[in-house]
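Chemist: what would the 3D arrangement of this be:
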Amino acid sequence: MVAFGIRTLLVSASIALSACSFSQESLWPSLTGEDPAGSPAPTEQTAAATVAKTAATEQPKSPQPELGNGNFNPTGVTPGQPTGTFVGKKVIELRAELERLQNQVAQQNGQLQKLRGGLVANSQRFHGTIAAVNARLQVGTTPGNPILVQQFRSAQADLDRLSQDVAAMNGLAGSIGSSSTMSSFLAESAKAAFSVSGAIDEDHRQLTVLEDEVNQTDVLIDRLLKEVSNDVRRQTNYVATERSNLNLLSTGIKSGEIYGGSLMNIAMANSGGGTAIAAGAPLNTSGRRPLVVIRFDRNDVPYQQALYNAVSRVLEKRPDAVFDLVAVAPTSGGQARVALNTNKARRYSENVLRSLIEMGMPPARIAVSAKTSAQARTNEVHLYLR
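Modeler: Take a look at the predicted model:
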């Protein structure tokens, strides 16, 4: 059982209270909300020294997906001599169009390299700030520490800039798509010019060179568009993941405790990116062992850390897991007292549900219900694995 209001069923009396483990036959963890025995709480000086060391010596490894490294500079257009024929004039027009197209591609390539540099710089700054916040939470701090709140806002601004960079890259992809359309038009025009009557041999020689360069440019644009599209897809997923983790970090700052990654990100990582499963209607919980029992026998029960640990361990083993959250009220004290306790238990379950959502758990994965129990001595919230 978890001290100060959180209790789970122990598999055997020999399991240490501070352990968090899984048996081979089930997914039921033993939890505790207390500090490990014999581990004194760090002093403010120790915490400050640890944070300072982390900020000064550790270079956080960014989980940002790898960006493409292609550099897409056109090779240029071969000049030609006027022939005075109609086809010769058409070649001159097409050559000018190709030059304009290649200049546009060169500008798009330059914009891509600039956006990549901005993405890397913003990502490094973002994860540096996150590392500093987590270092302080790791050694312990006060709930709602204003220094961490300010750092959180800075990280949020960096993530917003990352999102803006990705949006700009998505706009660049649209611009490159227009260049691809123009390249296809030039290729068709150069091919059609061979069938126009009144051309001399020099016209066809220059047309052959021009057609080859148009095709080379078309291939270059296709490669550019493919790489930008891949960057946009990966970075969009990355920003969404980090925004979910940032929401969980906000919860950690409010409570002064450190959590891991978003629960949904844990599930997605262990399922290979599978889709979430809706919880549906709650099942009968009779005879089922709860994953976590939270007893609200006093104000401000610190259940969040133990709740997160239990659910994250389950999702590591069963990424598609869904849960039943049950508000439990005692039956003692008469009808009026039972009604009052039932309302309180429902409010407590709403708070637990809100905590799970803030930790990254999709609401569709949780079915909520309520019941009364003669065994309950106080208002409780039970979390069951479906």
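
Chemist: okay, now Lys317: neighbour count?
Modeler: Here the count is done by other CB atoms under 10 Å, and Lys317 has 12 residues near it. Heads up, the C-betas are built off the backbone N, CA and C, glycines and all.

Chemist: correction: the previous question concerned Pro330.
Modeler: Pro330 - counted by other CB under 10 Å - has 19 other residues nearby.

Chemist: against Arg386, how distant is the nearest residue to it once chain neighbours are set aside?
Modeler: Spatial nearest neighbour of Pro330, excluding adjacent residues (CB to CB, 6 or more residues apart in numbering): Ala376 at 4.2 Å. The gap separating Ala376 from Arg386 is 22 Å, by CB to CB, to the nearest Å.

Chemist: that older thread, and the residue nearest to Pro330, that's in a strand?
Modeler: No. Going by DSSP: H, G, I helix; E, B strand; the rest coil, the assignment for Ala376 is coil, not a strand.

Chemist: can I assume Glu213 sits in a helix?
Modeler: Yes. The assignment for Glu213 by three-state DSSP puts it in a helix.

Chemist: tally of neighbours for the nearest residue to it once chain neighbours are set aside?
Modeler: Nearest residue to Glu213, sequence neighbours excluded (CB to CB, 6+ apart): Val77, at 6.0 Å. For Val77, the neighbour count with other CB under 10 Å is 21.

Chemist: repeat that for Met169.
Modeler: 22.

Chemist: show me the domain layout of this structure.
Modeler: 6-41+263-385, 52-255 (automatic domain parsing).

Chemist: point out where the stretch 151-300 of the chain drops to low pLDDT.
Modeler: Counting by pLDDT under 70, the ranges of the stretch 151-300 of the chain that qualify are 260-283.

Chemist: can I get stretch 379-386 in CSV, CA atoms only?
Modeler: This file holds the C-alpha atoms of stretch 379-386, laid out as CSV (Å, rounded to 0.1, in the frame of the first residue of the first chain):
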residue,chain,number,x,y,z
ASN,A,379,-13.9,8.0,0.0
GLU,A,380,-11.7,6.2,-2.5
VAL,A,381,-10.9,6.2,-6.1
HIS,A,382,-9.9,2.9,-7.7
LEU,A,383,-8.1,2.5,-11.1
TYR,A,384,-8.5,-0.8,-12.8
LEU,A,385,-6.7,-2.2,-15.8
ARG,A,386,-9.3,-3.4,-18.4
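
Chemist: now that stretch, how far from the centre of its chain.
Modeler: In terms of CA atoms, centre = their mean, to the nearest Å, the centre of stretch 379-386 is found 28 Å from the chain centre.

Chemist: partner residues bridging Val328?
Modeler: When bridges are called by DSSP bridges, Val328 pairs up with Lys371, Glu380.

Chemist: neighbours around it, how many?
Modeler: Val328: 26 neighbours (other CB under 10 Å).

Chemist: His204 reaches Phe194, doesn't it?
Modeler: Yes. Contact status for His204 versus Phe194: in contact at 6.6 Å, counting by CB atoms under 8 Å.

Chemist: can you give me the strands for the chain?
Modeler: 6-7, 292-295, 323-330, 366-373, 380-385 (DSSP state E).

Chemist: need those in JSON lines with distance to Arg125, can you?
Modeler: Output for these, formatted as JSON lines (distance: least, CB to CB, whole Å):
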{"stretch": "strand 6-7", "distance to Arg125": "37"}
{"stretch": "strand 292-295", "distance to Arg125": "37"}
{"stretch": "strand 323-330", "distance to Arg125": "36"}
{"stretch": "strand 366-373", "distance to Arg125": "35"}
{"stretch": "strand 380-385", "distance to Arg125": "37"}
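
Chemist: and these: which comes nearest Arg347?
Modeler: Of all the strands of the chain, strand 323-330 sits nearest to Arg347, with 8.3 Å by CB to CB.

Chemist: which helices and strands does the closest one pack with?
Modeler: helix 334-358, strand 366-373, strand 380-385 (3 or more CB pairs under 8 Å, 6 or more residues apart in numbering; DSSP states H and E).

Chemist: got a list of what the residue nearest to Glu213 touches?
Modeler: Arg95, Leu98, Glu99, Gln102, Leu210, Glu213 (CB atoms under 8 Å, 6 or more residues apart in numbering).

Chemist: if we ignore the residues flanking it in sequence, what's nearest the third one?
Modeler: Here the nearest residue to Glu99 in space, its sequence neighbours aside, is Val77; by CB to CB, 6+ apart that works out to 5.0 Å.

Chemist: quick check on that neighbour: phi, psi?
Modeler: phi -120, psi 130 (degrees, to the nearest 10).

Chemist: re earlier: show me the contacts for the residue nearest to Pro330.
Modeler: Counted by CB under 8 Å, 6+ apart, Ala376 has contacts Val328, Ala329, Pro330, Thr331.

Chemist: now the first one: how far from Phe296?
Modeler: Going back to what we said before, that points to Val328. Distance, Val328 to Phe296, using CB to CB: 10 Å.

Chemist: quick check on the residue nearest to Pro330: phi, psi?
Modeler: Residue torsions, per degrees, to the nearest 10, at Ala376 are phi -70, psi 140.

Chemist: pLDDT score for it?
Modeler: Note on Ala376: pLDDT of 89.

Chemist: tell me the spacing between it and Val338.
Modeler: The gap separating Ala376 from Val338 is 11 Å, by CB to CB.

Chemist: and for these two, which residues touch both?
Modeler: Ala329, Pro330, Thr331.

Chemist: can you show me the helices along the stretch 1-150 of the chain?
Modeler: In the stretch 1-150 of the chain, the segments counted as helices under DSSP state H, counting those that start in this stretch are 44-57, 86-139, 146-193.

Chemist: for Asn245, which of the ones you listed is the nearest?
Modeler: Nearest of the helices of the stretch 1-150 of the chain to Asn245, taken as CB to CB: helix 86-139 at 8.0 Å.
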